[in-house]
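**Q** Pasting the sequence and the predicted coordinates here, then a few questions.
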Amino acid sequence: MDDQNKNLILATALSFVVILIWFVLFPPPEPEPTDPNAPTQSEAGVTPGGETRVADTPAAAPGTTPATEETAADEASDAARIAIETARLSGSISALGGRIDTLALKDYRVTLDEGAPIVDLLKPVGSQGAYYALYGWAPGQGLNLDDVPGPNTEWQVSEGVTLTEDTPVTLTWDSGNGLLFTREIAVDENYMFTVTQKVANSGAGTVSMAPYGILARHGEPQDLKNFFILHEGVVAMADGELAEIDYADMPDFDVDPAEGARAEVTQVSENGWIGFTEHYWMATLIPQPGSAFKSVAKYDARRDIYQTEAVLPTRQLAAGEEVAVTTQLFAGAKEWEAIRNYEKGGVDRFLDSIDWGWFFFLTKPIFAVLHWLNAMIGNMGWAIIGLTILIKALLFPLAYKSYASMAKMKELQPEMEKIKERAGEDRQKLQQEMMALYKKEKVNPASGCLPILLQIPIFFSLYKVIFVTLELRHAPWIGWIKDLSAPDPSSLYNLWGVLPWGTPEPGSILALIFIGILPLLLGISMWLQQKLNPAPTDPTQQMIFAWMPWVFMFMLGSFASGLVVYWIANNTITFIQQYLIMRSHGYKPDVFGNIKSSIKRKPREADKK
């Protein structure tokens, strides 16, 4: 067997083993899409419609007492509401606590089905999976809980006011003891809310209090993926250090005496943010850049409530003084361009809220180029093919050197056979003479593996990009490919749409066997790439080469269509490159001859006699 075939077998086998371990033993789950507007259902041990402590107001300074107020869901439903209506958002703010607790994303639907509901992000108390943002002040010296607004304070709101991109809204509350609290809420054209909390002291004495913001969610998200390649849970930035905490890890927090619950507390000195991230959506509390604050991730085991908190330093307020604190709340889709613009606007390292993974040094630039290509072309499928061309062009010098080295190895084949005859069974002598020949002719026999091996981290990075980023969700390509983040929906079971019955359930054994059009094209492209070289003479090697394309075809059939498109494009370009390089070195690949020899019936021993 020549060294070119050895290198190809080695690299292909290594790719196969790594991909098999990662994607076959740990396949991504394919949960059924849930309707976020489904009616509330009570669960054992959880009483969404009963008493619920919305949030424990955090102790902001020594000596302060956390609030433990409780509210019923019917009180929340009876409270006045301020509508939220922008080009991209729809929802409302409850006067009870001033909570931002109803929010839907107009640009995104739960499924591709016609008439599918839009995605709900925030939900009020009393709904299944309640999820909301609230703000308040933790009382300090000279104050008690009744003197400051908390989770269940009834704010005064103006009638008929709607929060839009152009019209902020204002809520007010008078404590009755000389403190007037005002909360102004604004929203931009995307997903960023700006919350300004003010308090004026018309009393006789000095008081102290600490402003805070809280994100609270009741129970884990209903559509939690629980797939190791994707982080879902708390995501936080603290002075340049990213922290990611899964929902499953929060019940294992140590009990923090200051918080009165299981909590993990981080003191942020200058820049940071904290919130909850899901597959495609996120809500994040963002204090002003340059502000110190206490970042808290907390779990209330008794009520199964997960919380993130941003607690700002205590403010002293003398008689006649007024203080104002502004924070931001991101609540929306994890769109790369929008998040990048917020980062440019001062939100420190906000792009890290997208889960780029261990290969972030590859995934970040790969997606940036993919996003640029999509903006230029207007179709994510063709953008993936364009990205493949750019990657192959970038690696072409290395590929050329590799293929040239393999061509040189073919020229040295007669000399290598002579060395094998002279060395006989002396393995050491054989190795020494071979190395001397390689050195003399300036040939590296291992260089043929390198271009293929470099494809492994690129493949993993592109898989991460396609699986994690929102821009691939429900992105169409051509014809039947309506979602590049999902497997090819066509199937051999109904002859790819010719026969009048449906396809097997995604994720089932039948779906794995009756593959779609894209996986079939993948297998063919790998098979044709093999035919650039004659089949090895060894029967075992012949069997490996014969089965390899079709094993990959079935194994990758359940992968995201975008990834299969990349693999097909990569195989096609590799075929063209290798063919042209071989021709440039005086070797004309007999592709059709190799195909004929591979399908030609071999005579049996009995027929030869």
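**A** Alright, I've got the coordinates. Numbers count the residues shown, from 1 in each chain.

**Q** Show the pLDDT at Gln431.
**A** Among the per-residue scores, Gln431 holds a pLDDT of 83.

**Q** swap in the one 4 residues further on?
**A** Reported pLDDT at Met435 in the predicted model: 85.

**Q** likewise Pro28?
**A** At Pro28, pLDDT is 45.

**Q** residue nearest the centroid of the chain?
**A** With distances taken as CA atoms, centre = their mean, the residue of the chain nearest its centroid is Val468 (2.5 Å).

**Q** and that one, backbone torsions?
**A** When read as degrees, to the nearest 10, the backbone of Val468 gives phi -90, psi -40.

**Q** Would you agree it is in contact with Phe360?
**A** No: using CB atoms under 8 Å, Val468 is not in contact with Phe360, being 11.1 Å away. Every C-beta, even on glycine, is put in place using the N, C-alpha and C of the backbone.

**Q** secondary structure class for Tyr438?
**A** helix (DSSP: H, G, I helix; E, B strand; the rest coil).

**Q** How many residues are close by it?
**A** 19 (other CB atoms under 10 Å).

**Q** now swap in Ala200 and tell me
**A** Considering only other CB under 10 Å, Ala200 is surrounded by 16 other residues.

**Q** what sits opposite it in the beta ladder?
**A** Leu180, Glu322 (DSSP bridges).

**Q** count of neighbours near the residue lying closest to the residue nearest to the centre of the chain once chain neighbours are set aside?
**A** Spatial nearest neighbour of Val468, excluding adjacent residues (CB to CB, 6 or more residues apart in numbering): Asp355 at 5.3 Å. A count of nearby residues for Asp355, using other CB under 10 Å, gives 20.

**Q** go on, Val325?
**A** Val325, neighbours per other CB under 10 Å, totals 21.

**Q** ok, now Gly424?
**A** 9.

**Q** I'd guess Ala248 is in a strand, am I close?
**A** No: secondary structure of Ala248 (three-state DSSP): helix, not part of a strand.

**Q** count of residues packed around it?
**A** 12.

**Q** got it, and Lys344?
**A** Neighbours around Lys344, by other CB under 10 Å: 10.

**Q** going forward, begin numbering at 28 instead of 1
**A** Taking 28 as the first residue, the last one we looked at is Lys371.

**Q** ok, Trp594 - contacts?
**A** By CB atoms under 8 Å, 6 or more residues apart in numbering, the residues touching Trp594 are Phe486, Leu549, Ser552, Leu583.

**Q** which one of the residues you listed has the most neighbours?
**A** Leu549 (29 neighbours).

**Q** quick one, what contacts it?
**A** Residues near Leu549 by CB under 8 Å, 6+ apart: Phe579, Met580, Leu583, Val591, Trp594, Ile595, Asn598.

**Q** same question, Arg342
**A** Contacts of Arg342 (CB under 8 Å, 6+ apart): Ser235, Met236, Ala237, Pro238, Val350, Val352.

**Q** so where's the stretch 28-177 of the chain uncertain?
**A** Residues of the stretch 28-177 of the chain that meet the criterion pLDDT under 70 lie in 28-104.

**Q** Over to the stretch 328-477 of the chain?
**A** Within the stretch 328-477 of the chain, the ranges that satisfy pLDDT under 70 run 434, 437, 472-477.

**Q** Tell me where it has helices.
**A** 363-371, 387-404, 407-421, 423-438, 440-450, 454-468, 477-495 (DSSP state H, counting those that start in this stretch).

**Q** any chance of those helices in JSON lines, plus distance to Thr335?
**A** Shown next, in JSON lines, are these (distance: least, CB to CB, whole Å):
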{"stretch": "helix 363-371", "distance to Thr335": "18"}
{"stretch": "helix 387-404", "distance to Thr335": "23"}
{"stretch": "helix 407-421", "distance to Thr335": "32"}
{"stretch": "helix 423-438", "distance to Thr335": "46"}
{"stretch": "helix 440-450", "distance to Thr335": "65"}
{"stretch": "helix 454-468", "distance to Thr335": "60"}
{"stretch": "helix 477-495", "distance to Thr335": "21"}
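
**Q** Asp273: which of these is closest?
**A** helix 477-495 (15.3 Å; CB to CB).

**Q** Quick check: which helices or strands does the closest one pack against?
**A** In terms of contacts (3 or more CB pairs under 8 Å, 6 or more residues apart in numbering; DSSP states H and E), helix 477-495 is packed against helix 30-46, helix 387-404, helix 423-438, helix 588-611.

**Q** Show me which residues of it are buried.
**A** For helix 477-495, a neighbour-count test (16 or more other CB atoms under 10 Å) marks 477-479, 482, 485-495 as buried.

**Q** What of stretch 204-219?
**A** Buried residues in stretch 204-219, counted by 16+ other CB under 10 Å: Leu206, Phe208, Thr209, Arg210, Glu211, Ile212, Ala213, Val214, Asp215, Asn217, Tyr218, Met219.

**Q** ok, now stretch 336-356?
**A** Glu336, Ala337, Val338, Leu339, Thr341, Arg342, Leu344, Val352, Thr354, Gln355, Leu356.

**Q** And for stretch 388-407?
**A** Using 16+ other CB under 10 Å as the test for burial, stretch 388-407 gives Leu389, Thr390, Lys391, Ile393, Phe394, Leu397, His398, Leu400, Asn401, Asn406, Met407.

**Q** Out of the residues you listed, which comes closest to Phe320?
**A** Lys391 (27.2 Å).

**Q** ok, back up a step: quick one: pLDDT of the residue nearest to the centre of the chain?
**A** Confidence at Val495, expressed as pLDDT, is 91.

**Q** Tell me who's in contact with it.
**A** Counting by CB under 8 Å, 6+ apart, Val495 touches Ile256, Leu257, His306, Ile381, Asp382, Trp383, Gly384.

**Q** and Gln458, how many neighbours?
**A** 12.

**Q** what separates it from Gly187, distance-wise?
**A** 88 Å (CB to CB, to the nearest Å).

**Q** Same question for Pro314.
**A** From Pro314 across to Gly187, the span is 32 Å (CB to CB).

**Q** Same drill for these two, tell me which one is more crowded.
**A** A direct count of neighbours by other CB under 10 Å for Pro314 and Gly187 places Pro314 higher, at 24 against 7.

**Q** and that one, what does it touch?
**A** Counted by CB under 8 Å, 6+ apart, Pro314 has contacts Val295, Gly299, Trp300, Phe320, Ala337, Leu339, Thr354, Gln355.

**Q** before we move on, what about Arg376?
**A** Met264, Gly267, Leu269, Glu370.

**Q** now do Ala587
**A** Here Ala587 is in contact with Tyr490, Ile493, Phe494, Leu499, Leu511, Ser512, Ala513, Pro514 (CB under 8 Å, 6+ apart).

**Q** same thing with Gly302?
**A** Residues in contact with Gly302, defined by CB under 8 Å, 6+ apart, are Leu242, Val261, Val262, Ala263, Met309, Ala310, Thr311, Leu312, Thr335, Phe357, Ser380.

**Q** Now render these as a markdown table, adding secondary structure.
**A** Formatted as a markdown table, the contacts of Gly302 follow (three-state DSSP):
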| residue | secondary structure |
| --- | --- |
| Leu242 | strand |
| Val261 | strand |
| Val262 | strand |
| Ala263 | strand |
| Met309 | strand |
| Ala310 | strand |
| Thr311 | strand |
| Leu312 | strand |
| Thr335 | strand |
| Phe357 | strand |
| Ser380 | helix |
